[in-house]
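Peer 1: 3D model of this:
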Amino acid sequence: MTDANSEVGETGDLESLKDRMAEAALMHAAFDGWTEQTVRAAARDAGASDLDVYRAFPGGVEDLLDHHLLMADRHMVEGILSLDLDQMKIREKITRAIRLRLEAAAPHKEAVRRGFNHLELPHRGARASRALGRTVALIWRAIGDTSTDFNFYTKRTLLAGVYMSTLLYWLNDQSEEHAATWAFLDRRIANVMQIEKAKARLLNKGGKTPGPLRAMQRIGDNVRRRRPFRA
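Peer 2: Numbering: from 1, shown residues only. Model (predicted):
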């Protein structure tokens, strides 16, 4: 690390340092996992002092990993907003959004795998849930969804299930250019569209749909049953 003369002063410089460290961390996390060792290596690569690092990431590696996820969300949203959304159906928008997120992560797949394993530990469950909720909320917002009623929760719950199951499939996919993952994603989106149609028919008949918390719990159970890898 550099000496204290390199200390970050302004907010813009601090955000720039966060981005540089999060980018630098990817190479190290692929080998060392998301650890304090990775924080130190990323700081060295970014030319940050000890005080810089504390100001940028007072929570250490947890904050560094979260900023990496924030950056991935930010780049995903930028990619979504560059699309001609007015000419796309809802399923196309969601498919493209998830593909943008994963395709951008492909060069750092092992670091992503290590990050997933880091966050799946029980005591980090709340942090993982917040990160997932943020990603799916940003997808819906970026593609133009403005719902605030019950659909706000059901849409995000369904998308969380699609995104997580696709992420798990992608982490284990060895097919060329992840073709198998994109086929899997298409099937998952088709399943969700069928659920939405069934829900609409049920509501038209005066029935009730399961609450969002119950649905989210089922998604979590399904994801946990699908964990075929370990770092």
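Peer 1: what is the burial count for Glu177?
Peer 2: Look at Glu177: counted by other Cβ atoms under 10 Å, it has 10 neighbours. Backbone N, C-alpha and C define where each C-beta goes, glycine included.
Peer 1: measure it to Ala111 for me?
Peer 2: Per Cβ to Cβ, to the nearest Å, Glu177 is found 19 Å from Ala111.
Peer 1: elements contacting the helix or strand where Tyr169 lies?
Peer 2: Taking DSSP states H and E as the definition, Tyr169 sits inside helix 150-172. The elements that helix 150-172 packs onto, with contact taken as 3 or more Cβ pairs under 8 Å, 6 or more residues apart in numbering; DSSP states H and E, are helix 90-105, helix 109-119, helix 125-142, helix 179-204, helix 212-225.
Peer 1: check what contacts the shortest one and list those residues.
Peer 2: By Cβ atoms under 8 Å, 6 or more residues apart in numbering, the residues outside helix 109-119 that reach it are 25-27, 29-31, 33-34, 65, 68-69, 105, 124, 127-128, 131, 167, 171, 229-231.
Peer 1: picking up where we left off before, quick check: angle from the helix holding Tyr169 to helix 109-119?
Peer 2: 120 degrees (axes from the mean of the first three to the mean of the last three Cα atoms, to 10 degrees).
Peer 1: list the buried residues of stretch 92-106.
Peer 2: Residues Lys93, Ile94, Thr95, Arg96, Ala97, Ile98, Arg99, Leu100, Arg101, Leu102, Glu103, Ala105 are the ones in stretch 92-106 that count as buried (16 or more other Cβ atoms under 10 Å).
Peer 1: for the residue lying closest to the fifth one once chain neighbours are set aside, give its distance to Gln37.
Peer 2: What it means is Ala97. Leaving aside its sequence neighbours, Ala97 sits nearest to Ile139 (Cβ to Cβ, 6 or more residues apart in numbering; 4.6 Å). Separation of Ile139 from Gln37 (Cβ to Cβ) stands at 33 Å.
Peer 1: just to revisit the earlier point, make JSON lines from the helices and strands packed on helix 150-172 and add mean pLDDT and distance to Asp13 to it.
Peer 2: Output for the helices and strands packed on helix 150-172, formatted as JSON lines (pLDDT from 0 to 100; distance: least, Cβ to Cβ, whole Å):
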{"stretch": "helix 90-105", "mean pLDDT": "97", "distance to Asp13": "25"}
{"stretch": "helix 109-119", "mean pLDDT": "97", "distance to Asp13": "25"}
{"stretch": "helix 125-142", "mean pLDDT": "96", "distance to Asp13": "25"}
{"stretch": "helix 179-204", "mean pLDDT": "80", "distance to Asp13": "38"}
{"stretch": "helix 212-225", "mean pLDDT": "48", "distance to Asp13": "39"}
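Peer 1: can you pull the contacts of Ala106?
Peer 2: Ala106 neighbours (Cβ under 8 Å, 6+ apart): His178.
Peer 1: with neighbour numbers in mind, choose between Ile139 and Gln37.
Peer 2: Ile139 (27 against 14).
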